[in-house]
Structure formats: C-alpha cells, structure tokens
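# predicted structure and sequence below. I'll ask about it afterward.
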Amino acid sequence: MRFDRRLAVMVAYGFVAGLPLPLSTFTLRYWLSEGGVPLAAIGLTANIGLAYSLKFLWAPLLDQVPPPGALRRLGRRRGWLAAIQPCLVLAAVALALTDPGAGPAASIAAAAMVAFLSASQDIVVDAWRIEIFPQRLQGAALAAYVWGYRVALLIATSGVIAGAGRIGWHWALLGVAVLIGVGPLVTLLAPEPAQPPPQAHPAGIVRRLREAIADPLVEFLARPGSIAILAFVALFKLGEAMAGIMTAPLYRSLGFARDTVAATGPFSLVATLFGIGFGGFLVVRIGVGRALLWTGWAQTLAMAMYVALAASPGDQPVLFATVATEAFAQGMADAAFLIYLSGLCSLRFTATQYALLSSVPALAIHTIGGVSGLLAGAVGWMPFYGLCMFAALPAMGLMLVLLRRYPPVEVRAGG
C-alpha cells in the first residue's frame, strides 16, 4: 500500500487540535485548584467549553469569507488555519504566563481565548478532512486524526500535571504552547482541497449573510428526515456522556486511590485507539449504516460494566476492565458516528454544516447531561448507570428508523 501523505498530515492535525482542549478543561481546573482559587470560580470554567458547543455560530465566516490578506494565496482552508494557529500559540503562551494564585481572572480569560481559537481551528480542520479525502478514505482519515488527538490529550493532561511537579506550571504549559506551534508548519505542508465550482455571490450585506448563515441551515433542513436526523445526533452520545461525567466521583466513592485511577489512563488511551481503528475498519467492511448500528449497541451495552463496578468497590481488576471496555466501545462508536456526520455535509457548506452537526451532541450533553449529579445522588450508583443505559435507547430506536428510511452514503472496501 502506497504511503499517503494526507494521512500523516491528518495525524499531525489531530495532535495540534488535541493539545489545547485540556488547557481550558481538566488541566486548567487542576492548576486553579492548586492556586487556591475558590471552588465556585473553578465551577464557572465549565462555561468556557461553550466555545466548542457553539462554534457553528461563526463557522459560516470561516466557510464563506476568504482568509485575510496575503493568506488567501494558501487557499480557503489553509489560509484560515494560517491565520488562526499563530494566534492560538500566543494565547497558550499568555495562559502559561499567568498566575492563578494572584489573579485567576487573567488565567480564565486566557483559557477562554485558547478555547475559542481551538474551536475555530477545529472548524477548519474538520472541513479540510471532509474535502481532501474521498468518501472511501474518511474512516482511515478520522482514525488517523483521533490517534493524534488522543495522544495530545494524554500529554496535555497527565504530562503537564507530572511536569508541573518537576519544572513548575509555567514551564510545563509553555512546553504545550511550543507543541501547538507545530500547527502552522503542518498547514504549510498540507495540500489545499479542491474548491467547489464558484457561485455567483449576491450583492448586499444582508443577502451575503443569508448565503453564509441561513442557506446551509435551510439546505440541511429541507432534506427528508432532517429533524429526525438532528434528534438522533443529539441523543446518540447522551447515555454514554451522562455515564462519563460522573466517573471521577464514582471512583472516589468506591475507594480507589488517586494513583490507581491515574494508572487507568494509558489503558484507556490504548483501548480507545484500538476501538477507533476497529470502528473505521467496520465502516469500510460493512458500510456506515451497519457499523453505526453495531457500534451503537456496543457502546450502550458497555455501560453495564459501570453497574458491575459499582457493585465491586475497591476491586482493581474490575476497574481496569471497565475503563478498557468502555473506552474501546466508545472509540468504535465515535469512528462510525463521526463518519456518518461527515457524510451528511454538503460540499458547498462543509464547515458550517459539520460544525452544526458536531455541536448538537455537546449542547444536549451540557443541558440534559447536567442533571447527572443530581440523579446519581438521588438513586445511587447502580440504578444511575442502569438509567444511563436506558437513556441510550431512544437514539438506538431512531437509528433503526433512519437507517431504513434515509440510508447514509456507504463506504465499502474498493468503493
């Protein structure tokens, strides 16, 4: 098999896209807690994640407006990445130079800018992936991306926290900023996707805004079954997300030591990567629809391991088995699900429509999923994880209807 440079670029893009996320989530909160920031203020940092959930609001700008100045020569996708990525590096450097103990507002503001620029980078990279790879290679491209992404997450969480104990927070975070600086180099090496045939742009700001913002939504909503598709997209990850939100307090309540929980990280990473690879393989071998069905049920049934874990306090083998099983099943489902989302996008509105579709699950999780803590406290761990499995059933029912009435564009070996 001939080496495909685009897949190497995809791994690199996954790596530089995964590094910024913990700087506005887990790693940031750990740093703030060590700086003595009140819990109420740390809790408010959850709102920073809305940048990833609401990125569809400014995706039309990146989809329809040409890159600024001389960067237009790089093309529509690479030009915008070349504009965003240096700013992202500077925001990461600014975060590393703040002191949450002396002024947490500056740290939180810098993290918010990192999240906004990171979400903007994600918009363009997702569009680049969908446009540069033919449909038959979307599974391999997505697997390559997520492999790089997951390795970056491990570096920006466990790596930074371990490094902070040796060289201090500032230098550890500056190291991440240096790694994010690989992004502009990757963009210079990446090929530019072929642009769709030029469209006649309407005159007037109102009509141009309609073309950039309203037309992608109208085009999608005009399709048969669009509302049912959006409902399925919103609900597909809900049960798994509700289960995952409460894993940290679950582990603590079951008496697992911090070192034991930390040691599950590499197991989770390896299982996720194998799951993503296997999910991509299934898409190629049996098609998007059947792969989505199989992996969706695997993701739902894997949550039964949490019920077994809740009944086994302090049992380390059950803990490691639960983490590995859930991560493998989630990786498989993610691969099939994201390829399904990619196939829903029109090439005229790739960035806008993919940003919208990928934001819908996050919006559902941040609203309905927010009741997880109240629910777990009210019913206990075993019934709670049983309810998480039940929460996945509506999506599975919708999936059966959608696959029968509106089958996706299939990806098969040799196709």
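Received it, and whenever you're ready, just let me know what you need.
# domains for the protein, by residue range?
Per the record's domain assignment (automatic domain parsing), the chain is made up of the domains 1-195, 205-415.
# pLDDT (mean, whole number) over the last one?
Read that as domain 205-415. Mean pLDDT, domain 205-415: 77.
# so for stretch 167-180, what's the average pLDDT?
Averaging the model's pLDDT scores along stretch 167-180 yields 93.
# oh, that last question was meant for stretch 124-135, not what I typed.
Stretch 124-135 carries an average pLDDT of 84.
# quick check: buried residues in that stretch?
Of the residues in stretch 124-135, those scored as buried under the neighbour-count criterion (16 or more other C-beta atoms under 10 Å) are 124-133, 135. To be clear about C-beta, it is placed using only N, CA and C from the backbone, and glycine gets the same treatment.
# show residues contacting that stretch.
With contacts defined as C-beta atoms under 8 Å, 6 or more residues apart in numbering, stretch 124-135 is touched by 6, 10, 13, 17, 62-63, 77-78, 80-81, 84, 138, 140-142, 145, 190-191, 193-194, 342-343, 345, 347, 350-351, 354-355, 358, 409, 411, 415.
# stretch 7-20 now?
The set of residues external to stretch 7-20 that reach it, using C-beta under 8 Å, 6+ apart, is 85, 88, 92, 114-115, 117-118, 121-122, 125, 128-129, 140-141, 144-153, 155-156, 176, 179-180, 182-183, 186, 189-191.
# how about the CA coordinates for that stretch, as CSV?
The C-alpha trace of stretch 7-20 is given here as CSV (Å, rounded to 0.1, in the frame of the first residue of the first chain):
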residue,chain,number,x,y,z
LEU,A,7,-2.9,10.7,6.4
ALA,A,8,0.3,11.8,8.0
VAL,A,9,-1.0,15.4,7.9
MET,A,10,-4.2,14.2,9.5
VAL,A,11,-2.3,12.6,12.4
ALA,A,12,-0.5,15.9,12.9
TYR,A,13,-3.7,17.9,12.7
GLY,A,14,-5.2,15.7,15.3
PHE,A,15,-2.2,16.2,17.6
VAL,A,16,-2.3,20.0,17.4
ALA,A,17,-6.1,20.0,17.8
GLY,A,18,-6.0,17.9,20.9
LEU,A,19,-3.3,19.8,22.8
PRO,A,20,-5.4,23.0,23.6
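# pull out the buried positions in it.
7, 9-20.
# please apply the same query to stretch 326-342.
Along stretch 326-342, the positions that meet the burial threshold by neighbour count (16+ other C-beta under 10 Å) are 326-342.
# the contacts of stretch 124-135, buried ones only, as a ChimeraX selection?
Once 16+ other C-beta under 10 Å is used to decide burial, the buried members of the contacts of stretch 124-135 can be selected in ChimeraX as follows:
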select :6,10,13,17,62,63,77,78,80,81,84,138,140,141,142,145,190,193,342,345,350,351,354,355,358,411
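# how about the host helix or strand of R166, which residues are buried there?
With elements delineated by DSSP states H and E, R166 resides in helix 160-167, which encompasses its position. Applying a neighbour-count criterion of 16+ other C-beta under 10 Å, the buried positions in helix 160-167 are 160-161, 163-164.
# still on that earlier bit, just the ones of the contacts of stretch 124-135 in helices?
For these, membership in helices holds for 6, 10, 13, 17, 62-63, 77-78, 80-81, 84, 138, 140-142, 145, 342-343, 350-351, 354-355, 358, with DSSP state H as the criterion.
# and Y30, what is it in contact with?
Counting by C-beta under 8 Å, 6+ apart, Y30 touches I161.
# secondary structure element holding it?
For Y30, the element it lies in under DSSP H and E is helix 26-34.
# what comes up buried for that helix?
26-32.
# list the contacts for the closest residue to M332 other than its chain neighbours?
The shortest distance from M332 to any residue that is not its chain neighbour, by C-beta to C-beta, 6 or more residues apart in numbering, is 3.7 Å, and that residue is G279. Applying C-beta under 8 Å, 6+ apart, one finds that G279 lies in contact with 139, 143, 291, 295, 331-336.
# switch these over to JSON lines; also include distance to V401 and secondary structure.
As requested, these are exported to JSON lines (distance: C-beta to C-beta, whole Å; DSSP: H, G, I helix; E, B strand; the rest coil):
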{"residue": "G139", "distance to V401": "24", "secondary structure": "helix"}
{"residue": "A143", "distance to V401": "28", "secondary structure": "helix"}
{"residue": "A291", "distance to V401": "17", "secondary structure": "helix"}
{"residue": "T295", "distance to V401": "18", "secondary structure": "helix"}
{"residue": "G331", "distance to V401": "26", "secondary structure": "helix"}
{"residue": "M332", "distance to V401": "22", "secondary structure": "helix"}
{"residue": "A333", "distance to V401": "18", "secondary structure": "helix"}
{"residue": "D334", "distance to V401": "22", "secondary structure": "helix"}
{"residue": "A335", "distance to V401": "22", "secondary structure": "helix"}
{"residue": "A336", "distance to V401": "17", "secondary structure": "helix"}
